[in-house]
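**Q** Using only what follows, build the 3D model:
(one chain, ligands or ions: 2)
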Amino acid sequence: MKKALTIAGSDTCGGAGIQADLKTFSAHGVYGMSVITAVTAQNTQGVFGVLDVTVDIIEKQIDAIFDDIDVDAVKIGMVSQTDTIKTIASTLKKYSTKNIVLDPVMISKSGYDLLKPEAKEALISELIPLATIITPNAPEAEVITGIKIESIQDMEEAAKKIYDLGVENVLVKGGHLSLESKEAIDVLYNGQDFRYYKSPIIETKNTHGTGCTLSSAIASNLALGNNIERSVELAKSYITIAIENSFSIGKGVGPTHHFYELYKKAGLLSE
Ligand SMILES: Nc1ncnc2c1ncn2[C@@H]1O[C@H](COP(=O)(O)OP(=O)(O)OP(=O)(O)O)[C@@H](O)[C@H]1O
Ligand SMILES: Cc1ncc(COP(=O)(O)O)c(N)n1
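**A** Numbering: from 1, shown residues only. Ligands and ions are numbered 1, 2, ... in the order given. Below is the predicted model of the structure:
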């Protein structure tokens with residue numbers, strides 16, 4: 001059994017964060033483990049509070065996993081504050097951690113700062129150089145690079161600039177862009193060439209945790225032994241099916257769908 005670890009925040013309503021990651025790992029037939037960086041109180045309508053886990057306990061959680069278990073892939077999501085980021089980076093460096101997928105979570109769909117603005121520099125200098133792939137959405141890529149993103153060309157330019165910060169691969173996600181083509185286009189850059197992953201834009205309000213789900217699907221596919229290009233391709237199909245089958249719970253932005261049978265039927269998963 002392949003094993004993946006998520007280092008992220010807890011989302012009470014289960015659509016994003018640790019909960020989305022573990023559901024995604026399970027749907028891929030990958031054994032999921034978690035290091036919780038922060039506990040959020042949130043639902044489909046908003047985030048109402050955040051408790052950051054102490055750095056001592058974060059370090060102990062990471063050590064507890066790596067001292068005992070071989071980890072095939074790591075997904076990093078909400079990292080909240082500078083000390084948390086420094087602890088995660090220094091602790092992961094102690095182990096020869098492979099297949100690190102970094103989702104640079106900054107602001108929730110409901111507008112809450114999940115990364116303290118002053119922690120941006122630490123994320124750039126400490127975590128980006130450790131990552132096999134980083135998966136910013138357009139607003140996150142803008143914050144990291146200072147480039148205003150309105151077109152595929154802007155996404156490519158931002159991807160190159162982020163690559164130069166020391167990461168192996170960059171996937172700039174286009175879900176937030178209303179492009180003329182009416183497609184959700186993600187751009188992958190590996191330092192040499194670009195690849196484009198496209199799907200139709202699905203008209204739904206229920207997109208809570210789409211970024212968490214995509215990044216943990218990439219981590220699952222890397223854990224299963226796929227290369228980066230194939231992992232992103234499979235993960236893009238996974239998130240598209242997950243959004244197509246998203247549903248309403250509560251009064252706000254509902255979650256995506258992680259039921260195993262759906263993905264098996266679509267031929268996305270091994271028997
Ligand atoms: N309405 C949509 N229809 C189809 N695909 C979408 C839609 N919205 C997002 N996607 C796709 O979902 C994936 C996640 O992209 P998105 O830009 O939403 O990430 P994100 O903003 O980081 O998510 P989150 O807000 O959960 O952190 C990408 O592959 C993107 O192209
Ligand atoms: C713990 C946690 N991690 C990540 C997100 C981002 O997801 P979204 O942008 O869909 O709100 C979130 N809301 N909560």
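**Q** what about the helix or strand that contains residue 235 and ligand 2, touching?
**A** Per DSSP states H and E, residue 235 falls inside helix 228-244. No - using Cβ under 6 Å from any ligand atom, helix 228-244 stays clear of ligand 2, coming no nearer than 11.5 Å. All C-beta spots, glycine's among them, are computed from the backbone N, C-alpha and C.
**Q** Show me which residues of whichever strand in the chain runs longest are buried.
**A** Criterion DSSP state E: the longest strand present in the chain is strand 31-43. Neighbour counts using 16 or more other Cβ atoms under 10 Å place 31-40, 42-43 of strand 31-43 among the buried residues.
**Q** thinking again about what came up before, in terms of secondary structure, what does the helix holding residue 235 contact?
**A** strand 183-189, strand 194-200, helix 210-223, helix 260-265 (3 or more Cβ pairs under 8 Å, 6 or more residues apart in numbering; DSSP states H and E).
**Q** before we move on, the earlier item: give me the subset of the buried residues of strand 31-43 that also touch ligand 2.
**A** Within the buried residues of strand 31-43, those near ligand 2 by Cβ under 6 Å from any ligand atom are residue 40.
**Q** Looking at the buried residues of strand 31-43, which is nearest ligand 2?
**A** residue 40 (4.9 Å; Cβ to the nearest ligand atom).
**Q** what angle separates the helix holding residue 235 from strand 183-189?
**A** Direction vectors for helix 228-244 and strand 183-189, defined by axes from the mean of the first three to the mean of the last three Cα atoms, to 10 degrees, enclose an angle of 160 degrees.
**Q** Now do the strands in this protein.
**A** 3-11, 31-43, 46-52, 73-76, 100-102, 133-134, 169-172, 183-189, 194-200.
**Q** tell me the angle the longest one makes with helix 210-223.
**A** Between the axes of strand 31-43 and helix 210-223, defined by the same axes, to 10 degrees, the angle is 180 degrees.
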